[in-house]
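**Student:** Turn this into a structure:
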Amino acid sequence: MAAAAATSSWQPQEEGFKEICGLLEQQISPTSDKSQIWQQLQHYSQHPDFNNYLAFILARAEGKPMEVRQAAGLLLKNNLRTAFNSLTPQHKQYIKSELLPCMGVADRHIRSTTGTIISALVQIGGVFEWPELLHILVKYLDSNEVNHMEGAMDALSKICEDVPQVLDSDMPGSTERPINVFLPRLLQFFQSPHTSLRKLSLGSVNQYIMLMPEVLYMSMDKYLQGLFILANDPVAEVRKLVCAAFVQLIEVHPSFLEAHLRNVIEYMLQVNKDSDAEVSLEACEFWSTYCEAQLPPENLREFLPRLIPILLSNMVYADDDESLLDAEEDGSLPDRDQDMRPRFHSSRFRGSEDAEDDDEDIVNIWNLRKCSAAALDILSNVFGDEILPALMPIVESKLSTTDDASWKEREAAVLALGAIAEGCINGLYPHLSQIVVFLIPLLDDKFPLIRSISCWTLSRFSKFILQGVGNQEGRERFDKVLMGLLRRILDNNKRVQEAACSAFATLEEEAAEELAPHLEVILQHLMCAFGKYQRRNLRIVYDAIGTLADAVGGKLNQPTYLDIMMPPLITKWQQLSDSDKDLLPLLECFTSIAQALGPGFSQFAQPVFQRCINIIQSQQLAKVGPVSAGAQYDREFIVCSLDLLSGVAEGLGSGIESLVSQSSLRDLLLKCCLDDASDVRQSAFALLGDLARVCPIHLHPRLSEFLDIASKQLNIPKLRATLSVANNACWAIGELAVKVRQEISPVVMTVVSCLVPILQHAEELNKSLIENSAITLGRLAWVCPELVAPHMEHFMQSWCTALSMIRDDIEKEDAFRGLCAMVRVNPSGALSSLVFMCKAIASWHEIRSEDLHNEVCQVLHGYKQMLRDGRWEQCMSVLDLPVQSKLSKYQV
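**Tutor:** As a prediction, this is how the structure comes out:
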């Protein structure tokens, strides 16, 4: 293959052309050895003009099969992604000049492949350096020749989808942005007789709703007119794009639709019943989006009687729903690897509000049924009981059917009751006991999908089911639901097992210690499921056992219960290797058990502790060299092991000391605190704080390094991306401070200088970080008042504001000890913030510690004596009456 000197003189050599075509022919043959061909292609790609050959084959090898030319094009696209910038200018120019005419060839496949390559080139280098592209696109769009128009439109739509912002930027040497030239032409194509042009032009304009370039803003009326013209297009894909446009507009620019809102809603009602499921799914997104954008509900109110029946009829399983096939699957069949869903472990978090669990399974396929149920759920939250008159008669009539043929209708009615369980709870309340009584027998229905949806819907009424346990009838109802769900946990159908376990976990969270009297029967059922389930559903059993431990806590620490629960878990623990992903949910489960059993976990602690250490060690080795470690690095193993060690530290308390002293945990933990992955650092700092509480002596040799790393997590610029890491690091510093006291002094001012800006930006950051920052600042002030007090006036106001938000507990006591210690060192430092300090003191419901109560009294009396001549009374008069009356406890 000869390298070329100039574009015009580059010509392929016959031999090279044949060889590459031959390889491409082999590559697309189903019987060929792919890895060998790939190696040969890699070898060819070392030649500087290899990509010229590929461009030539795509553009000019007319005697070759279309598949070979396409394969050349796709290989060219992949090569250019990595190598384009290193090509010579002549080769770049040759490739570009070959591609442009290909946009207009007769073969649709070649046009489409060309469009994909052009878009990839625009992603790499923008359009500034390729003015010919814009020129040809405009020329082809205006040509009236179908192949030219379609080819240009195909390339343009891919650019709009992949890099829309490129066309909405200033061009050197031009007064107009490219989008200003293209948009009028795109809007023109809305009326084209050619389906592909209508579809691609509409899809392209929709890509700009979020960016909203000025030209689209100015052409909005024309765009909306075009949408209304296309609204009843005979082609489903076009109608789907019209719906998508309205959904996006209502989400990001609702004001544009204000004048047309009634028409849009009427249209959405109509296409929500479209014969094409994808169109009706896109239309159905409108209702949730409208409510989530918090637009005025009254615009939707009058349409509810028509909308609710449409949603209900769309909640019935479609005949081709994959769940209908799944529902037939026998529970004794082993799961294949592709049945295993990705799992998500959330790292340990120290502080008030844990993130809410989402009960929607994100991995399931989104479809019209789920979208309609989600819309009904959100409408019930916006309109509450107003939707019941339109809904309940239909639900009741669907539920009253008994024949086999209408089981899907019954199932959808049960789904609807679950969907409105939160939003319509007041209106349903008088009927809830009848609803629950009606649902319990459905747990034993002959149709598995009715059994599974009944589990879910009952779990949505958990709060109500538990409110009644005080009286005889309510207690019996709770027992029936509990036993019904336990029966379903042992169902032979995998779908029902999954739904029953998830529903049971929800009930557990609500029931907490109410479960204690039933522990034996619950554990018998769960451990029976543990022996029966296949891999995928086993994860859900682990979750149910873990949730049970969280719910009943120390009540689980009875020999009877441990004899049922622990042997099967330990057997499984011994069967799984350190790199088996099925170990991860078991580590999570043990974390909850260790916390619940407390000191009772000590009989199981040694092997658990040692294995966590081994896993962290081997993963850290695998990170450096997977080959020598004999395992692929997967940081989730480190995160779950750190979290389990935290659970063991919390459970055993100082009893963990002997394990820590004989291990390399300290050095491993330091490495984890320095890890580049934020979830590893988050769990590492949680464990650091837990160890500081129970055995600080073992952190001692590397204390200054731990403190240094922890304080580095608190820098405001970096902090927003990793709030949870900062939160845990901040908490750990406070825990260390109260244990090592004066030894923390070298980092005190570094940490304080990070905490103050956090408290001053309280509005923008999460509640937990603010609370932990306020507590840690107080703890540092308590152990080193002489260092912190001189700077009081810079932070008293925002600090006291944060303190007054914290609920009464031992950590708040520590912070107030710091407040009192600083006032003793520098009483004048708080004078300008006295009102805020009084509000913080008044935020206590009751200070349980007698000595702290006395210290606070002394502080207040000291200021009362300092502020004579009516200044104290003046300060008091600014406070609200409730605050004044709270302060009277301290005799001021």
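**Student:** Pull the number of nearby residues for Arg239.
**Tutor:** Counted with other C-beta atoms under 10 Å, residues neighbouring Arg239 total 23. Using the backbone N, CA and C atoms, a C-beta is placed for each residue, glycine as well.
**Student:** That one against Val271, yeah?
**Tutor:** Yes: using C-beta atoms under 8 Å, Arg239 makes contact with Val271 at a distance of 6.1 Å.
**Student:** overlap in contacts of those two?
**Tutor:** Counting by C-beta atoms under 8 Å, 6 or more residues apart in numbering, the contacts common to Arg239 and Val271 are 231, 279.
**Student:** Helices of the stretch 251-400 of the chain, start to end?
**Tutor:** Listed in chain order, the helices of the stretch 251-400 of the chain (DSSP state H, counting those that start in this stretch) span 261-271, 277-292, 298-301, 304-314, 322-326, 368-383, 388-399.
**Student:** List of residues touching the shortest one?
**Tutor:** The one in question is helix 298-301. For helix 298-301, the external contacting residues (C-beta under 8 Å, 6+ apart) are 261-262, 265, 287, 290-291, 307, 379, 383, 386.
**Student:** if we can go back for a sec, quick one: closest of the helices of the stretch 251-400 of the chain to Gln36.
**Tutor:** Closest of the helices of the stretch 251-400 of the chain to Gln36 is helix 322-326, at 37.5 Å (criterion: C-beta to C-beta).
**Student:** Quick one: mean pLDDT over the closest one.
**Tutor:** Here helix 322-326 scores 76 as its mean pLDDT.
**Student:** Identify the residues contacting that helix?
**Tutor:** With C-beta under 8 Å, 6+ apart as the test, helix 322-326 has contacts from 317, 365, 449, 494-495.
**Student:** where along the stretch 451-600 of the chain do the helices fall?
**Tutor:** Counting by DSSP H, counting those that start in this stretch, the stretch 451-600 of the chain has helices at residues 462-467, 472-489, 494-511, 519-532, 535-552, 559-575, 583-597.
**Student:** Just put these in JSON lines and tack on distance to Leu432.
**Tutor:** As requested, the helices of the stretch 451-600 of the chain are exported to JSON lines (distance: least, C-beta to C-beta, whole Å):
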{"stretch": "helix 462-467", "distance to Leu432": "5"}
{"stretch": "helix 472-489", "distance to Leu432": "10"}
{"stretch": "helix 494-511", "distance to Leu432": "14"}
{"stretch": "helix 519-532", "distance to Leu432": "24"}
{"stretch": "helix 535-552", "distance to Leu432": "23"}
{"stretch": "helix 559-575", "distance to Leu432": "32"}
{"stretch": "helix 583-597", "distance to Leu432": "31"}
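**Student:** Return the angle between stretch directions for the helix or strand that contains Arg611 and helix 559-575.
**Tutor:** Secondary-structure element containing Arg611, defined by DSSP states H and E: helix 602-624. Taking axes from the mean of the first three to the mean of the last three C-alpha atoms, to 10 degrees, one finds that helix 602-624 is oriented at 20 degrees with respect to helix 559-575.
**Student:** Any idea how far helix 602-624 is from the middle of the chain?
**Tutor:** 28 Å (C-alpha atoms, centre = their mean, to the nearest Å).
**Student:** Show me what that helix packs onto, helices and strands only.
**Tutor:** When contacts are defined as 3 or more C-beta pairs under 8 Å, 6 or more residues apart in numbering; DSSP states H and E, helix 602-624 packs onto helix 559-575, helix 583-597, helix 626-629, helix 635-652, helix 657-661, helix 665-673.
**Student:** OK, contacts around Glu396?
**Tutor:** Ala413.
**Student:** just wondering, since we're on it, how far is it from Leu388?
**Tutor:** 11 Å (C-beta to C-beta, to the nearest Å).
**Student:** still on that earlier bit, and the helices of the stretch 451-600 of the chain: which comes nearest Ala412?
**Tutor:** Nearest of the helices of the stretch 451-600 of the chain to Ala412, taken as C-beta to C-beta: helix 494-511 at 15.5 Å.
**Student:** Thanks again, I'm all set now.
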